[in-house]
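Asker: here you go, sequence then predicted model.
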Amino acid sequence: MTDLVVRRLLVDMEQPIARHWCDGDAFRSALFNALSMSFPVGEQFFIDSVRNGFKALPPGQQAQFDAEVKGFIGQEATHRRLHALYNAHLDKLGLVNDWAPRAAARMKLLDGLDPRHAVALTAANEHFTAILADWMLRNPDLLGTQDPRLATLWLWHSAEESEHKSTAFDIYRALGGDHAWRITWFRRITTIFLGDTLRQTVDNLRRDGTLWKFGTWKSAWTTLFGPRGLVRETWRPWREYLKPDFHPNQQDSTLSRRWLADNASRYTAVGA
Ligand SMILES: [Fe+2]
Ligand SMILES: [Fe+2]
């Protein structure tokens, strides 16, 4: 069981966002903006899945998960609220969020199915966010210094993703979810998540007029496959999810705890 604190981040999301807020780098700005576009819809789905999974647990087990589920929902609700403000600025920059409606249509296909499917899907997505979060916390300089507000937002979100990475996974197990379905959904989510990330990033660059610039492709290569590249650094932790005895807590959360301790002045704990 994890003690999950809901935090109010002290950043002003009313101010507009610069087109290339991430170090003046078109590719990294487009990639992180694409991910942000997926969050309000995606995180609402995670909240609903975990809530429905929790309700399907026998009362004895509900008591065991009660505080953790409340913390999970509070954290994800706060993330989606701030990313919705972030995304409203992206709309004004002329970017179009195609990911969210596509994801919403796919989620409808789960209506009426055993709630374990949605929880397994959430656990798979949470593994993706946790390994992405750890990569960001290890490489905070890649967020640049141009907009400290957005760098803080991403690192806070990362720290909390790492903090609650076990919640959906543990509920899936408590519901008697099996390994085969866990892996089936993980493989599907891998294809869907990578495809959606790529499509939205390319679309952001196209609308930005930077898709066919050499610097964009150079940055794409370095960001994904360079010495500290996202694909290069997350490949191994991605694969660990396939092990039958995998548990999210096997992956280190030191950087999350450290960021939250070192940046306590940037947030207030809700209800504390
Ligand atoms: Fe989140
Ligand atoms: Fe999450």
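Answerer: Received, thanks. Residues are numbered from 1 along each chain as shown. Ligands and ions are numbered 1, 2, ... in the order given.
Asker: give the rounded mean pLDDT of the helix or strand hosting R236.
Answerer: In this structure, R236 is located in helix 230-240 according to DSSP states H and E. Mean pLDDT, computed over helix 230-240, is 97.
Asker: centroid-nearest residue for this protein?
Answerer: In the chain, the residue lying closest to the centroid (CA atoms, centre = their mean) is T129, at 3.8 Å.
Asker: what helix or strand is that residue on?
Answerer: Applying DSSP H and E, one finds T129 within helix 115-138.
Asker: that helix close to ligand 1?
Answerer: No - on the criterion CB under 5 Å from the ion, helix 115-138 is out of touch with ligand 1, staying 6.3 Å away. C-beta here means a position set from N, CA and C on the backbone, and glycine is covered the same way.
Asker: quick check: angle from that helix to helix 230-240?
Answerer: With axes from the mean of the first three to the mean of the last three CA atoms, to 10 degrees applied, the angle from helix 115-138 to helix 230-240 works out at 140 degrees.
Asker: could you pull out the helices for this protein?
Answerer: Remark: helices assigned in the chain by DSSP state H are 26-55, 59-92, 99-108, 115-138, 148-163, 167-174, 179-208, 214-225, 230-240, 254-262.
Asker: angle of the fifth one against helix 254-262?
Answerer: Interaxial angle, helix 148-163 versus helix 254-262 (the same axes, to 10 degrees): 130 degrees.
Asker: the shortest one too?
Answerer: Taking the same axes, to 10 degrees, one finds helix 167-174 and helix 254-262 inclined to each other by 130 degrees.
Asker: please list all residues in contact with the residue nearest to the centre of the chain.
Answerer: The contact partners of T129, by CB atoms under 8 Å, 6 or more residues apart in numbering, come to 161, 165.
Asker: go ahead and confirm D134 touches S162.
Answerer: Yes - counting by CB atoms under 8 Å, D134 does reach S162; the two are 6.1 Å apart.
Asker: find residues that contact each of those two.
Answerer: Common neighbours of D134 and S162 (criterion: CB under 8 Å, 6+ apart): 255-256.
Asker: picking that back up, got the helices of the chain as a markdown table, with distance to T268 columns?
Answerer: Converted to a markdown table, those look like this (distance: least, CB to CB, whole Å):
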| stretch | distance to T268 |
| --- | --- |
| helix 26-55 | 21 |
| helix 59-92 | 11 |
| helix 99-108 | 29 |
| helix 115-138 | 21 |
| helix 148-163 | 12 |
| helix 167-174 | 22 |
| helix 179-208 | 32 |
| helix 214-225 | 33 |
| helix 230-240 | 31 |
| helix 254-262 | 13 |
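Asker: for ligand 1, see how far away T167 is.
Answerer: Separation of T167 from ligand 1 (CB to the ion, to the nearest Å): 11 Å.
Asker: many thanks, I have nothing further to ask.
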